[in-house]
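S.K.: Pasting the sequence and the predicted model now:
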Amino acid sequence: MATLPLLQDDAASPEARAVFDDIRAKRNTDYVNNFWRVLAHDPALLKMTWERVQQVMAPGALDPLVKELIYVAVSVTNGCSYCVHSHTAAARAKGMTDAQHAELLAVIALAAQTNALAHALQVEVDERFTAR
């Protein structure tokens with residue numbers, strides 16, 4: 001359960017409703033998800049976060065699907081169930097296949113294991129990995 005209630009449009013401030021309208025328009029949907037509805041309690045934070053999401057997740061040097069896969073991996077690592085679910089859905093919408101999802105999960109699991117081993121053993125970083 002969220003620590004704050006979900007704000008429906010009629011309970012949100014005009015500033016928050018403006019962000020909701022922008023989300024709907026840019027995503028071509030009538031749906032505003034729970035994350036945005038909770039953030040609407042702080043309209044400035046809502047607006048800032050929405051603007052940052054648009055900037056970072058837009059097509060760029062990394063393909064949008066790759067960005068979603070990275071987002072899923074970081075969300076798994078951080079233990080954010082909400083983000084795992086929402087960005088897995090976004091990755092699927094951008095073309096992620098079941099095989100890609102399975103491979104992503106295998107990479108996440110491998111990285112978690114080898115990271116834990118390297119950390120526990122305090123393995124010194126190879127000089128060639130740090131030199132430019």
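M.R.: Cool, the structure landed.
S.K.: Identify the residue spatially nearest to the residue minimising distance to the centre of the chain, adjacent ones excluded.
M.R.: With distances taken as CA atoms, centre = their mean, Y71 lies nearest the centre of the chain, 4.6 Å away. Spatially, and ignoring its direct neighbours in sequence, Y71 is nearest to H87 (4.3 Å; CB to CB, 6 or more residues apart in numbering). In short, each C-beta sits where N, CA and C put it, glycine included.
S.K.: Which strand or helix spans C83?
M.R.: Per DSSP states H and E, C83 falls inside helix 81-93.
S.K.: Repeat that for H41.
M.R.: Going by DSSP H and E, H41 is not in any helix or strand.
S.K.: tell me the contacts of it?
M.R.: L4, L7 (CB atoms under 8 Å, 6 or more residues apart in numbering).
S.K.: Skip the chain neighbours and tell me the closest residue to P5.
M.R.: Distance criterion CB to CB, 6+ apart; nearest residue to P5, sequence neighbours excluded, is V38 at 7.9 Å.
S.K.: Tally up the residues packed near the one you found, please.
M.R.: Per other CB atoms under 10 Å, the neighbour tally for V38 reads 17.
S.K.: cool, A112 as well?
M.R.: Counted with other CB under 10 Å, A112 comes out at 13.
S.K.: That one: what's it in contact with?
M.R.: Residues in contact with A112 (CB under 8 Å, 6+ apart) are T77.
S.K.: From Q8, how far out is it?
M.R.: With distances taken as CB to CB, to the nearest Å, A112 is found 38 Å from Q8.
S.K.: What is whichever strand or helix holds Y71 packed up against?
M.R.: For Y71, the enclosing helix or strand under DSSP H and E is helix 64-78. When contacts are defined as 3 or more CB pairs under 8 Å, 6 or more residues apart in numbering; DSSP states H and E, helix 64-78 packs onto helix 43-57, helix 81-93, helix 98-121.
S.K.: What separation do you get for Q100 and M57?
M.R.: Remark: distance between Q100 and M57 (CB to CB) = 18 Å.
S.K.: who touches the one helix or strand in the chain whose mean pLDDT sits lowest?
M.R.: Lowest on mean pLDDT, DSSP states H and E among the helices and strands of the chain sits helix 127-130, with a mean of 92. Taking contacts as CB under 8 Å, 6+ apart, no residue outside helix 127-130 touches it.
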